[in-house]
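>>> following is a predicted model, sequence given first.
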Amino acid sequence: MDPITLISLGLVLALMAGLTVWFRWRHRTALPVILPDGRGLMRLPRGQLLFFVLGFLALAAVLGSLAVQGGGTPVRAAAGIVGLFGLALLLTLTPAYNLEWDEDGVIGPSGYGLLPVGARPVFLTWDEITSIHVDRLRSHVLTGRRGRRIVVYNIYGGKRIFLQLLLSFRPDLNVTAG
């Protein structure tokens, strides 16, 4: 493998890791958006997600150039997979991944998958929520009476404030580790 290609791969990966830490630090005290009609809104950090899309596309370009230099079929396949993953991340910018609430209840993504297979929006009234637990990815999962669930992703800015609001509507709920 060409040393310039190795350096390019290393720089892209280091830049992605460094900017991830910076984004997380910058958004550690982010507040949810309160809309004019009184509804609350949290969305995934668009800047960080767009950065990841560009990072994965850059990795695909570096791997593609390596494949052109004679890297073979596995390198071409890796370039294609990395590029498709980067493009798939664009789906997380859709409103299906927003978490919204008002005096009636909360609507948010039902899981971790990408649309159209995964995270469909689900509405739960405050009274319908029966439990809240932390999953293995440190996201909070709200479960309703009929087994429907909403995942409050760990990456949402303002997640702590939403959880405090949830407990003000439902002080009988306890957060449990799952």
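Right, received. Where do you want to start?
>>> surely L163 meets V152?
Yes. L163 is within contact range of V152, at 7.4 Å (criterion: CB atoms under 8 Å). Where you see a C-beta, it was placed from the backbone N, CA and C, and this is true even at glycine.
>>> looking at these two, which one has more neighbours?
Between L163 and V152, counted using other CB atoms under 10 Å, the more crowded position is V152 (21 against 16).
>>> so what's that one up against?
99, 108, 139-142, 159, 162-163 (CB atoms under 8 Å, 6 or more residues apart in numbering).
>>> and it, how far from I107?
As judged by CB to CB, to the nearest Å, V152 and I107 stand 12 Å apart.
>>> ok, back up a step: overlap in contacts, L163 and V152.
With CB under 8 Å, 6+ apart as the test, L163 and V152 both reach H140.
>>> joint contacts of V152 and I107?
Counting by CB under 8 Å, 6+ apart, the residues touching both V152 and I107 are L99.
>>> who touches the lengthiest helix in the chain?
Criterion DSSP state H: the longest helix present in the chain is helix 3-26. Contact with helix 3-26 is made by 45, 47-48, 51-52, 55, 58-59, 62-63, 65-66, 69, as judged by CB under 8 Å, 6+ apart.
>>> mind redoing it with 7 Å?
By CB atoms under 7 Å, 6 or more residues apart in numbering, the residues outside helix 3-26 that reach it are 45, 47-48, 51-52, 55, 58-59, 62, 65-66.
>>> try stretch 61-69
1-2, 5, 8-9, 12, 75-76, 78-79, 82.
>>> that one: which residues count as buried?
62-67 (16 or more other CB atoms under 10 Å).
>>> assign a three-state SS to L44, would you?
Using DSSP: H, G, I helix; E, B strand; the rest coil, the secondary structure recorded for L44 is coil.
>>> separation between it and M16?
Separation of L44 from M16 (CB to CB): 17 Å.
>>> now do the contacts for R149.
Residues near R149 by CB under 7 Å, 6+ apart: 110, 122, 141-143.
>>> ok, I34 next?
By CB under 7 Å, 6+ apart, I34 lies in contact with G40.
>>> would you mind measuring from it to W101?
Applying CB to CB, the value for I34 to W101 is 10 Å.
>>> likewise P3?
52 Å.
>>> more neighbours: these two, which one.
Between P3 and W101, counting by other CB under 10 Å, W101 is the more crowded of the two (22 against 7).
>>> the more buried one contacts G40, doesn't it?
Yes. When contacts are counted by CB atoms under 7 Å, W101 is listed as touching G40 (4.8 Å).
>>> which residue sits farthest out from the middle of this structure?
In terms of distance from the mean C-alpha position of the chain, G70 ranks first, at 35.6 Å (CA atoms, centre = their mean).
>>> can you tell me the SS state at that residue?
Secondary structure for G70, judged by three-state DSSP, is helix.
>>> no more questions from me, cheers.
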